[in-house]
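>>> can you look at this prediction? I've put the sequence above it.
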Amino acid sequence: MVEHLHRAGTSPETLADPMRPRRYRIAHTRQDTRDTFTLELEPTEGPPLAYRPGQFTMLDAFGVGEVPISISGDPARGGPLEQTIRDVGVVTHALITAPVGTLLGVRGPFGTSWDVSLGAGGDVVFIAGGIGFPPLRPALLELISERDRYGRVVLLYGVRTPEDIIFGDELRSWAHDHGIVVGVTVDNGQHAWRGKVGLVTQLIPRAGFDPRNTTAFVCGPEVMMRFSAAALADRGVRPSRIRMSMERNMKCGVGLCGHCQLRELFVCVDGPVLTYDRLAPLLSSREL
């Protein structure tokens, strides 16, 4: 297990006792959509958690349970730890309904990062589906902080309905202030919706980027990521330059329980961010 933790880039503090949570207090709760909330967490003692874009924590609602949640904040800003959570079960419901001041347990950070700097000097494409947008937000914020190091930056975002769009104000700001090309599409547009309707993969062929010099970051439902990565590869993006976050069935965060095993990989330890050339043969096999 120690070898796995070293490969994941886990901090020495966590490596010493990866099963021991630190106590954090809910400082603020923001409702992003009808079922998605962002918690701002502050440590009760010691410095704030240091993390890299793409890493996740294990959040513990004491007496209820623990879930893995990707960090959605700005790693360079410091301050409260931001975790964006969708209400999909008993533990996540307990987390988002806990009043301000409630103590939670936080383990981590765990996992590999996006390594967004790999795209420096070329074009960068972000593709997000639904709740897959929050794990990509730290990478976007890191890129924006050094915007002049990158060429054309494209963000393609697909959601079920217009009401499910997260960070809408930031999308507009990124497009207006930082020259990021933002494309949003919905599965089901209402009468007031004037944007695109359809799958996010349909935006890829029309997105303007140089595939020979592009790095892509993809996060969302597994089927969406599989087809998005294939579409990017068909455009000419090298599979080794396509990075995907495979947050599937993670439970313990340290490779012990086996819930997230993908053949020889343990997603919580070897990932969650992995390259498409490594994942392609596994994603095409059923029952893995």
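Yes, it's here. Numbering: from 1, shown residues only.
>>> pLDDT on stretch 108-117, on average?
Throughout stretch 108-117, pLDDT has a mean value of 94.
>>> tell me which residues in it are buried?
Across stretch 108-117, burial judged by 16 or more other Cβ atoms under 10 Å covers 108-116. All C-beta spots, glycine's among them, are computed from the backbone N, C-alpha and C.
>>> same check, this time on stretch 117-129
Applying 16+ other Cβ under 10 Å to stretch 117-129 flags 119, 122-129 as buried.
>>> same check on stretch 232-247?
Here stretch 232-247 shows 232-233, 235, 237-239, 241-247 as buried, counting by 16+ other Cβ under 10 Å.
>>> need the residues you listed in JSON lines (columns: distance to Phe56).
Formatted as JSON lines, these follow (distance: Cβ to Cβ, whole Å):
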{"residue": "Leu232", "distance to Phe56": "24"}
{"residue": "Ala233", "distance to Phe56": "26"}
{"residue": "Arg235", "distance to Phe56": "29"}
{"residue": "Val237", "distance to Phe56": "25"}
{"residue": "Arg238", "distance to Phe56": "26"}
{"residue": "Pro239", "distance to Phe56": "24"}
{"residue": "Arg241", "distance to Phe56": "23"}
{"residue": "Ile242", "distance to Phe56": "20"}
{"residue": "Arg243", "distance to Phe56": "15"}
{"residue": "Met244", "distance to Phe56": "14"}
{"residue": "Ser245", "distance to Phe56": "9"}
{"residue": "Met246", "distance to Phe56": "11"}
{"residue": "Glu247", "distance to Phe56": "7"}
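>>> keep only those of the residues you listed that are in strands.
242-245 (DSSP state E).
>>> quick check: the two most widely separated of those?
Ile242 and Ser245 (11.6 Å; Cβ to Cβ).
>>> between those two, which contacts overlap?
With contacts defined as Cβ atoms under 8 Å, 6 or more residues apart in numbering, the residues shared by Ile242 and Ser245 are Val218.
>>> next up, the contacts around Val153.
Going by Cβ under 8 Å, 6+ apart, Val153 touches 123-126, 143, 147, 178-181.
>>> now swap in Thr57 and tell me
Thr57 sits next to 49, 51, 68-69, 71, 81, 83, 106-110 when contact means Cβ under 8 Å, 6+ apart.
>>> just the buried residues out of these, in ChimeraX syntax.
Buried members of the contacts of Thr57, defined by 16+ other Cβ under 10 Å, are picked up in ChimeraX with:
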select :49,51,68,69,71,81,83,106,107,108,109,110
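>>> now, which of the contacts of Thr57 lie within strands?
68-69, 81, 83, 106-110.
>>> can I get those in TSV including distance to Thr36?
Converted to TSV, the ones in strands among the contacts of Thr57 look like this (distance: Cβ to Cβ, whole Å):
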residue	distance to Thr36
Pro68	16
Ile69	12
Leu81	17
Gln83	11
Val106	20
Arg107	22
Gly108	21
Pro109	21
Phe110	22
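>>> which of the residues you listed lies closest to Gly168?
Of the ones in strands among the contacts of Thr57, the one sitting nearest to Gly168 (Cβ to Cβ) turns out to be Gln83, at 19.1 Å.
>>> ok so, going back, now, the most widely separated pair of the buried residues of stretch 232-247?
Spatial extent of the buried residues of stretch 232-247 (Cβ to Cβ) is set by the pair Arg235 and Glu247 at 25.1 Å.
>>> this completes my enquiry, with thanks.
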